[in-house]
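Peer 1: Here's my sequence, what's the structure:
(2 chains)
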Amino acid sequence: MNNQQLAKQLETLADLLEFTGANSFRTRAYRNGARAIRQLTQSMEKLIAENEDLTRIEGIGKSVAEKCQELLATGHLKQMEEILQTVPRSVLDLLNVPKLGPKKAAALFNELQITNLDQLKSACENNLVRGLAGFGEKTEAAILAGIPIAAQANARMLWAEADQFVEQLRSHFQKCPAVKRIEFAGSYRRCSETVGDLDILIVAKDVDEVMDWFAKVDSVAEVIARGPTKMAVRLENGPNVDLRVVPNESFGAALQYFTGSKEHNVAIRQRAKDRNLKVNEWGVFSDADPEKSIAGTEENDVYQSLGLTWITPELRENRGEIELAEKNQLPKLIELKDIAGDLHMHTTATDGSATIEEMAEAAKAIGLHYIAITDHSKRVSMANGLNKKRLLEQWEEIDCLNEWMTDDFIILKGIECDILEAGGMDLPDDVLEQADWVIASVHYGQNQPSEKITQRIIGAIENPFVSIIAHPTGRLINSRPPYDVDMEAVMDAAVTHRKMLELNASPKRLDLNEFHLAAAKKRGIPIVISTDAHHPHGLRAMRYGIQQARRAGLEPKDVANTRTWGDLKSLIL
DNA sequence: GCCGTTTTCGGCCCGACTGTTTTCAGTCG
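Peer 2: Predicted coordinates for the structure are as follows:
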């Protein structure tokens, strides 16, 4: 059982406990424990095998540690089995219905014996729900309307998808004369891998005018709520969008508040409390004079009033950024303009849709100084992968293009060489030796047991001609889990053999994730951010990779392709 | 259940909105 599975079990236990009316701080403790486990780069299995003291990990106490040991030893939790004797697992679906929380869901189960969404629907249609204490006609109707939403719950959009809704909304509001300031907050602003709802903050000349304008967005399916300062809508085939209209003197405080994350804000508000201050979405207030706002117009002032430098939204996860801000030691995070070259892309020779020259021209147009052409190797037959002969021909063509081009731009002779199922590389060393840049990656046998797939990847790292491992965990966000690879072992091998690891910038990959990236940085493993572009427009995906790198705290020096090609090469040779 | 250079007990972030209520509980972020 890996860390993600372990965390998932603890979260399910928390959900079930909440349903049975357990102490809310207890359920929170389980969720915090799950969060801590998700963020670990070492495997819990290994830590336990080595008899490490798990309670040294923040958020994990005696009880959570025991739960982990039990899960790894037996595969299940006795406590969870006991709860499932009385409450079927399907009740957890009820919690996905908007406006149904643990209390109301438990009432439905206890009073009406409702255990799943179908039964809930039928009970609403037969007007049974309105009769329960605390429920009424409106609640019943809202639940009925929310059941289809619950059925497709848990689907968070990729950040890149959310960005399209944001651009649409931004241009809609730009035409509204009553809007004075506008900003999108929430997980979108933090550049999270996935985004649930969107949050818009607006300073307005006229609140009603802005809210009326909001309701006129083309794709609004339903106005969920509308009050004096807050309005929420659901978009057709899209996310829920919350709008908050705030006075200008509160804009910075509201932006801080609604950007989150929850964990960051909890810590920020605790910090305020320790200083006899109170932070809320309206401003920063002193206990001595609770009427008078000390800061709030600009976000920067909110942080300053707490003795902190401004913290970029990507870092707001309460993973040490507050302590660094206090000492003015926040990293100078990498930016898109720092990137000098792109070292992973495909052409018409395999599954790309543009020629080498077209890719080079597109790369020049966005200011890059070098690219590597890295088509697939022959094992990837689906993509018409290159054998030795075709690859050598492609490299001759690249030699000609480099000679023919008069500027300083460099096209590198590369290959994305498959790591075969049985281990070993898909092309012989005497070919790889002639390349400028060799990417090794797994495409087949992704479900192999941890030991096997880890050894395959380490085997590739040990090959003297391999430069880098691409998309090292293979996950696709929302659709495919990572390989069961031991990334600690892979990183150890990368250090030993002076190899690099890729951050694949494709918005549905973003592989490595932020935790692995931070761990790689700590070990001094150079990261290369690559687009894996299959067409010229694909080179623009670099921005998603930059966002991911920033959330991991990466600086230009941590990312190899901020360097010239000559300097980059010296890192691995 | 977790945590602790004031603590091993007593806290644990905080406000808006809704619906069901006549002063508040539940949900949400």
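
Peer 1: going forward, measure contacts and count neighbours with C-alpha atoms only.
Peer 2: Will do.

Peer 1: Which positions in the stretch 401-550 of chain A make contact with DNA strand B?
Peer 2: Remark: no part of the stretch 401-550 of chain A is in contact with DNA strand B, using CA under 7 Å from any atom of the strand.

Peer 1: how about the strands of the stretch 201-350 of chain A, start to end?
Peer 2: All strands of the stretch 201-350 of chain A, identified by DSSP state E, counting those that start in this stretch, fall at A:220-226, A:230-235, A:240-245, A:277-280, A:283-286, A:293-295, A:341-342.

Peer 1: Can you say which of these is packed in most?
Peer 2: Greatest average neighbour count among the strands of the stretch 201-350 of chain A goes to strand A:341-342 (a mean of 24), per mean count of other CA atoms under 10 Å.

Peer 1: next SSE after it?
Peer 2: Moving toward the C-terminus from strand A:341-342, the first helix or strand encountered (DSSP states H and E) is helix A:356-365.

Peer 1: Please name every helix or strand in contact with the helix or strand following that next one.
Peer 2: Next along the chain after helix A:356-365, taking DSSP H and E as the criterion, comes strand A:370-373. Applying 3 or more CA pairs under 8 Å, 6 or more residues apart in numbering; DSSP states H and E, we find strand A:370-373 packed against strand A:341-342, helix A:356-365, strand A:410-418.

Peer 1: so what strands line up beside strand A:370-373?
Peer 2: When pairing is defined by DSSP bridges, strand A:370-373 lines up against strand A:341-342 (parallel), strand A:410-418 (parallel).

Peer 1: Same list (those) but as JSON lines, adding mean pLDDT.
Peer 2: As requested, the strands paired with strand A:370-373 are exported to JSON lines (pLDDT from 0 to 100):
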{"stretch": "strand A:341-342", "mean pLDDT": "98"}
{"stretch": "strand A:410-418", "mean pLDDT": "97"}
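
Peer 1: Point me to the residue of the stretch 51-200 of chain A nearest DNA strand B.
Peer 2: Taking CA to the nearest atom of the strand as the measure, the point where the stretch 51-200 of chain A comes nearest DNA strand B is residue A:136, at 2.4 Å.

Peer 1: shaky segments in the stretch 201-350 of chain A?
Peer 2: Per-residue confidence of the stretch 201-350 of chain A (counting by pLDDT under 70) places no residue in a weak region.

Peer 1: Export the strands of the stretch 201-350 of chain A to a markdown table and append columns for distance to residue A:379.
Peer 2: Putting those into a markdown table (distance: least, CA to CA, whole Å) gives the following:
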| stretch | distance to residue A:379 |
| --- | --- |
| strand A:220-226 | 47 |
| strand A:230-235 | 44 |
| strand A:240-245 | 44 |
| strand A:277-280 | 57 |
| strand A:283-286 | 60 |
| strand A:293-295 | 61 |
| strand A:341-342 | 24 |
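
Peer 1: Same list (the ones you listed) but as JSON lines, adding distance to DNA strand B.
Peer 2: As requested, these are arranged in JSON lines below (distance: least, CA to the nearest atom of the strand, whole Å):
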{"stretch": "strand A:220-226", "distance to DNA strand B": "4"}
{"stretch": "strand A:230-235", "distance to DNA strand B": "4"}
{"stretch": "strand A:240-245", "distance to DNA strand B": "7"}
{"stretch": "strand A:277-280", "distance to DNA strand B": "5"}
{"stretch": "strand A:283-286", "distance to DNA strand B": "10"}
{"stretch": "strand A:293-295", "distance to DNA strand B": "13"}
{"stretch": "strand A:341-342", "distance to DNA strand B": "36"}
